[in-house]
Each structure stands twice: as structure tokens, then as C-alpha cells.
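**Q** For reference, the sequence and a predicted model appear below.
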Amino acid sequence: KHFYRMVNFLSDCKGTVLDVGCDDPGLSVSLFPPAVEYVGLDPFCVYAAPFRVIGVGEYLPFLSEAFDNVVFNTSLDHIFDWRRALIEARRVLKKGGRVFIATFIWSDKADLITDHVHFHHFRNYEILGAMEELNFCEISSLIYESPKGDTHRHGLYLSAYKV
């Protein structure tokens, strides 16, 4: 379900795309329209691909206003300083550029102590508040049931523009 939703969510991407936390760039690039110029960024070098950059979301190794789109496809909750990563995303976005975030929104049933994978358990207001603080505009979001049928988290798909 998530891959199907992401293909629809990213269907109007145009220009340059920075995919922060891309994991397998060969798979990740397939989520985007064929005409985009894709750059995957990830801290681990597991998959060989010519368009992958080794790096972390908190310190993007790119010039300011270099990308038309920045995407966090289920990676934002794995980034230690997620607010810094959003600040960096805003910095590398061109004016009028768009950020896309797909992440989990957790309920009060979530237990961060026993979760060995995610650094953060976001609530909806945290993500929306951060986007407003960073002066993103035209924020739109959809919440879906978890693709894994979990009751303690839901999927958030959010996009916004840099003013």
C-alpha cells in the first residue's frame, strides 16, 4: 500500500529531487515520474548506484537552493535531529520548491523505549507545527491506516512549498 500511495503522492514531482534517506536508490527512484533528476542520500552504502550520496539529513552536502523537491520517504523518524533536517531541506530547496514527507504518526499506545528502529514517535501537531515554524506554505496532508495494520500508528503524507 505504501509504495502505491507514494507513487500517487509524488506523481507531480518535476525537476530535481533530493531523496533523504533513500535506502535502495534503484527502488526509490521508481516512485518518481521518469523525467525527474534524482539524487538519493543515505548514511549507509549498501546498494551500488551512481546517483547515491553518502550523508545525513542534518547536514546536506549541497548548495543552497539546489533542488526543486526534497523527499523524506519514511526517513524523518530515523534522523536523530529531525528539526535540523527540515531546516536543511528548506535551505537546499529552491524558492517555490516542495518538500514531501511520508512518516508515521503515533498514538499514545506507542512505546519509544521498546522501539529499536525509530528515534522519534511523532504526533501530527509536531510535524505540522514544525512546517509552520519554518514558513512552509500550502501545507496539505493525508492520514492513512498503517500499511501493516498497526493500531498504534498511522501513515502521514504531507507536502508543502517553500515561500
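**A** That came through fine. Here the structure is a predicted model, which means the values were calculated and not measured. Residues are numbered from 1 along each chain as shown.
**Q** use CA for all of it now, contacts and neighbours both
**A** Will do.
**Q** Run through the strands of this protein in chain order.
**A** All strands of the chain, identified by DSSP state E, fall at 16-20, 37-42, 52-54, 67-73, 93-106, 136-145, 153-162.
**Q** Nearest to Val29, out of those?
**A** Checking these against Val29 by Cα to Cα gives strand 37-42 as the closest, at 6.7 Å.
**Q** ok, back up a step: just give me the lowest mean pLDDT stretch among the strands of the chain.
**A** Ranked by mean pLDDT, these bottom out at strand 52-54, with a mean of 86.
**Q** What is it packed up against?
**A** Secondary-structure packing of strand 52-54 (3 or more Cα pairs under 8 Å, 6 or more residues apart in numbering; DSSP states H and E): strand 37-42.
**Q** go with 10 Å
**A** strand 16-20, helix 25-28, strand 37-42 (3 or more Cα pairs under 10 Å, 6 or more residues apart in numbering; DSSP states H and E).
**Q** Reformat these as a markdown table; add mean neighbour count and distance to Pro61.
**A** Output for those, formatted as a markdown table (neighbours: other Cα atoms under 10 Å; distance: least, Cα to Cα, whole Å):
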| stretch | mean neighbour count | distance to Pro61 |
| --- | --- | --- |
| strand 16-20 | 24 | 11 |
| helix 25-28 | 16 | 17 |
| strand 37-42 | 21 | 9 |
